[in-house]
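**Q** Fold the following.
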Amino acid sequence: MNKVKIIVAGYRGKMGSEAVQMILKNDEFELVGLLGHHEVVSEAFGVPVFNKKEELIGLSADIWLDLTAPSVAYENTRFAMEAGFRPVVGTTGFTEEEVTELVRLSRVKHLGGLIAPNFALGAVLVMQFSKIAAQYFPDVEIIELHHDAKKDAPSGTALKTAELMAQVRQAHYQGAANETESLAGARGAEFEGMRIHSVRLPGLVAHQEVLFGGKGEGLTLRHDSYERSSFMTGIALGIKKVMQAKELYYGLEHFLDL
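**A** The predicted structure follows:
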C-alpha cells in the first residue's frame, strides 16, 4: 500500500505538533517534510526541516498540511498548489475572494484540497444543524469562545456558521429598532443582522454556542473541543478525501455523508 506523503507547515505550534504525532502513528501516512520559522535544526522526527517554503519545491509529497497563521494562510495555500501539493488547511482568516481564487486555481491544476474552519466533527455537525434551524428560527446569535492566543476574531467556525445560516435565513436586524450601545461593541459583530460575539480566555480550547430565539421558546446548539486531539479525526479524514478530489473545497462537510 502506498502511503500518503505529507508536509506539515507550522509543525511547532500546538495544532501542528499534535498533527505530527497523529501522522507518525497512522500506518497510511508518511511524514516527509516540516516547515517552521527561524529553525535551528535541519531534521526532526527523521525528516528534513525547512525555514522557507520555496525550499520544498521538488520534494516528493502528496499533501501540504497547513496549521500556521492567518497572515500567511492564503500565500501558503497558493504556493502549495503551484508546487503540486494538495492543500489541507486548518488555518482561518481567508476572505471570500481568496477562497474563490484558490478554488479556481485548484480546478486549473486538477488538485484536490480542503480549507476547514474546524476539523472537529462535532463542530461541523453543529454548523449543519444551525443551517437547518435558521429556516425556522431566524433570530440567532453566535458566541464563540477560544484560548487567549488565538489571533483572529471572530473565529472561522463562527463565520462559516453565519454564512451557512445566511443561505436559508431571511436577513433582518435583530433587537430593538432604536437600540443603542452605551459601550461600543456591546452587541458584537454584525453579519446580515445576526450577531457574533468572541470570547478569549486562558484555559479554553475551542467552543461555540448558537442561540436561537422564537416566540415562547429557545434553542441552543453547542460544541466543545476540550483537547486539540478532537481535530485529528477530521484532519485524517480530510487528507484521505482530498487524494480523490479534483478541486479545493471550503468546509469539511463536503466530505461527510450528511
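**Q** Please, which helix or strand holds Phe79?
**A** helix 70-82 (DSSP states H and E).
**Q** Who are the packing partners of the helix or strand just after that helix?
**A** Helices and strands here follow DSSP H and E; after helix 70-82, the next one along the chain is strand 86-89. Counting by 3 or more Cβ pairs under 8 Å, 6 or more residues apart in numbering; DSSP states H and E, the packing neighbours recorded for strand 86-89 are strand 63-66, helix 70-82, strand 113-115, helix 232-242. In short, each C-beta sits where N, CA and C put it, glycine included.
**Q** Can you read off the pLDDT for Thr257?
**A** Actually, residue 257 is Asp rather than Thr. Confidence per residue is given as pLDDT, and for Asp257 that number is 85.
**Q** Could you report the neighbour count for it?
**A** When neighbours are counted by other Cβ atoms under 10 Å, Asp257 registers 3.
**Q** Pretty sure it sits in a helix.
**A** No - when classified by DSSP: H, G, I helix; E, B strand; the rest coil, Asp257 is found to be coil rather than part of a helix.
**Q** Buried ones in the helix holding Phe79, by neighbour count?
**A** Using 16 or more other Cβ atoms under 10 Å as the test for burial, helix 70-82 gives Val72, Ala73, Tyr74, Asn76, Thr77, Phe79, Ala80, Met81.
**Q** which residues touch that helix?
**A** Contacts made with helix 70-82 from outside it, assessed by Cβ atoms under 8 Å, 6 or more residues apart in numbering, are listed as 9, 53-54, 64, 66, 68, 86-87, 89, 91-95, 98, 101-102, 105-106, 109, 111, 113, 115, 151-152, 248.
**Q** Mind pulling up the pLDDT for the residue lying farthest from the centre of the chain?
**A** For the chain, the largest distance from the centre (Cα atoms, centre = their mean) belongs to Asn178, which lies 36.2 Å off. Note on Asn178: pLDDT of 91.
**Q** what are the ranges of the strands in the stretch 151-258 of the chain?
**A** If DSSP state E, counting those that start in this stretch is used as the criterion, the strands of the stretch 151-258 of the chain fall at 189-191, 194-200, 206-214, 217-225, 248-250.
**Q** Please apply the same query to the stretch 1-150 of the chain.
**A** For the stretch 1-150 of the chain, the strands defined by DSSP E, counting those that start in this stretch occupy 4-9, 29-35, 43-44, 47-50, 63-66, 86-89, 113-115, 139-146.
**Q** Counting by contacts, list what the longest one packs against.
**A** Based on contacts counted as 3+ Cβ pairs under 8 Å, 6+ apart, the elements that strand 139-146 packs against are helix 121-134, helix 156-166, strand 194-200, strand 206-214.
**Q** mind checking which of the ones you listed is nearest Asp257?
**A** Each of the helices and strands packed on strand 139-146 was checked against Asp257 via Cβ to Cβ, and the shortest separation belongs to helix 121-134, namely 11.5 Å.
**Q** Okay, angle between the closest one and strand 217-225 too, please.
**A** Orientation check (axes from the mean of the first three to the mean of the last three Cα atoms, to 10 degrees): helix 121-134 against strand 217-225 gives 160 degrees.
**Q** Give me the buried positions along helix 121-134.
**A** If you call a residue buried by 16+ other Cβ under 10 Å, then helix 121-134 has these buried ones: Leu121, Gly122, Ala123, Val124, Val126, Met127, Phe129, Ser130, Lys131, Ala133, Ala134.
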